[in-house]
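Participant: sequence-free structure coming up:
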């Protein structure tokens with residue numbers, strides 16, 4: 001019987017390990033009897049001791065981290081190599097990669113039901129690369145438009161998907177090798193993280209329909225500092241509970257912070273600029 005395999009990376013910054021531990025805990029809380037295995041690639045296995053044998057830990061050495069990030073020390077290359085290792089270790093099981101700054105807010109099963117030979121999962125669609133008018137994506141199109149992949153111009157007609165979640169069926173695991181090739185071919189010429197994100201977005205779109213999972217998996221990348229602080233407090237509580245009680249607590253008391261006050265933040269930034277220019281009183 002195949003298992004649902006979730007994989008998280010947790011190395012480097014302490015806040016990444018904090019987020020990954022909470023993400024793993026949330027997956028256990030919402031497993032609901034699913035045949036689930038949670039794998040964590042980490043440089044500090046002891047940090048995940050509160051969940052004991054409920055996790056499969058893969059210790060990353062400094063040499064692993066250096067080799068997987070590659071000669072240009074590209075952080076997101078490690079993600080692709082890690083996923084490739086998982087596909088080789090477990091070639092018959094559907095895989096869901098999650099960034100550390102995510103957690104489950106609903107049952108795990110429905111996400112894996114969307115991972116089929118014809119359907120892959122990513123967190124959510126963000127925009128069309130061809131029509132996005134932001135300066136960042138205009139520069140992305142300009143630079144990538146000059147490059148080639150496998151002898152053809154880079155296809156800039158795809159959608160950019162948030163890669164905080166990537167779910168792939170075993171029949172589509174060869175996409176991961178293509179993704180790593182995409183990174184290694186193009187990143188040396190355009191050293192931006194968008195190369196990794198667009199690579200997996202584009203390649204999955206070419207071979208499957210891509211389904212979002214934002215209704216099941218919460219990704220707090222836009223409010224990371226606030227959520228990390230709240231998660232630290234929650235982990236202090238969870239560590240003092242038995243496993244069954246901690247899972248029940250997690251389901252009943254999801255962390256949900258007010259959304260960031262974007263307009264107020266933009267206005268305060270504008271006011272600081274105006275003060276610096278002497279346009280308004282201090």
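Facilitator: Cool, got the structure. Bear in mind that the values here come from a model prediction, so they are computed numbers and not experimental data. Numbering: from 1, shown residues only.
Participant: Name whatever forms a beta bridge with residue 96.
Facilitator: Beta-bridge pairing of residue 96 under DSSP bridges involves residue 6, residue 167.
Participant: burial measure for it, as a count.
Facilitator: Residue crowding around residue 96 was assessed by other CB atoms under 10 Å; the count is 24. (Glycine included, C-beta is placed from N, CA and C.)
Participant: I'd like to know which elements whatever helix or strand residue 160 lives in is packed against.
Facilitator: Secondary-structure element containing residue 160, defined by DSSP states H and E: strand 159-161. Packed against strand 159-161 by the contact rule (3 or more CB pairs under 8 Å, 6 or more residues apart in numbering; DSSP states H and E) you find strand 125-128, helix 194-207.
Participant: what's whichever helix or strand comes after the shortest one in contact with?
Facilitator: Next along the chain after strand 125-128, taking DSSP H and E as the criterion, comes helix 135-144. Contact partners of helix 135-144, identified using CB atoms under 8 Å, 6 or more residues apart in numbering, comprise 127, 129-130, 132, 154, 156, 160, 186, 189-190, 192, 194-195, 198.
Participant: now the stretch 51-200 of the chain, which segments are flagged as low pLDDT?
Facilitator: Within the stretch 51-200 of the chain, the set of residues satisfying pLDDT under 70 is empty.
Participant: Count the neighbours of residue 150 for me.
Facilitator: When neighbours are defined as other CB under 10 Å, residue 150 has 9 of them.
Participant: Quick check: phi and psi at residue 114.
Facilitator: Per-residue torsions, residue 114: phi -80, psi -10 (degrees, to the nearest 10).
Participant: make that residue 98, sorry
Facilitator: Here residue 98 shows phi and psi, under degrees, to the nearest 10, equal to phi -130, psi 140.
Participant: where's it relative to residue 123, distance?
Facilitator: Using CB to CB, to the nearest Å, we find residue 98 at a distance of 9 Å from residue 123.
Participant: more crowded one of these two?
Facilitator: Applying other CB under 10 Å to residue 98 and residue 123 shows that residue 98 carries more neighbours, namely 28 against 23.
Participant: related to what we said a few turns ago, what's the farthest-apart pair in the contacts of helix 135-144?
Facilitator: Maximum pairwise distance in these, criterion CB to CB, is 22.8 Å, between 127 and 189.
Participant: ok so, going back, so which of the contacts of helix 135-144 comes closest to residue 33?
Facilitator: Proximity of those to residue 33 (CB to CB) peaks at residue 160, which lies at 35.2 Å.
Participant: Now do the helices in the stretch 51-200 of the chain.
Facilitator: Across the stretch 51-200 of the chain, reading from the start of the chain, the helices by DSSP state H, counting those that start in this stretch fall at 62-69, 75-89, 109-113, 135-144, 174-186, 194-207.
Participant: Can you check which of those gets nearest to residue 150?
Facilitator: Set against residue 150 and scored by CB to CB, those come closest in helix 174-186, at 7.9 Å.
Participant: gap between residue 227 and residue 220?
Facilitator: For residue 227, the distance to residue 220 - CB to CB - is 4 Å.
Participant: Need the overlap of contacts for the two.
Facilitator: Residues touching both residue 227 and residue 220 (CB under 8 Å, 6+ apart): residue 101.
Participant: Compare those two (neighbour count), which wins?
Facilitator: With other CB under 10 Å as the criterion, residue 227 and residue 220 differ in neighbour count, and residue 227 comes out ahead with 24 against 20.
Participant: Now do that one, the pLDDT please.
Facilitator: Confidence at residue 227, expressed as pLDDT, is 98.
Participant: so it is in which element?
Facilitator: helix 224-239.
Participant: Make CSV out of the contacts of helix 135-144 and add neighbour count.
Facilitator: Formatted as CSV, the entries for the contacts of helix 135-144 read as follows, by neighbours: other CB atoms under 10 Å:
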residue, neighbour count
127, 13
129, 21
130, 12
132, 15
154, 24
156, 15
160, 19
186, 21
189, 12
190, 16
192, 17
194, 19
195, 25
198, 25
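Participant: Lovely, talk soon.
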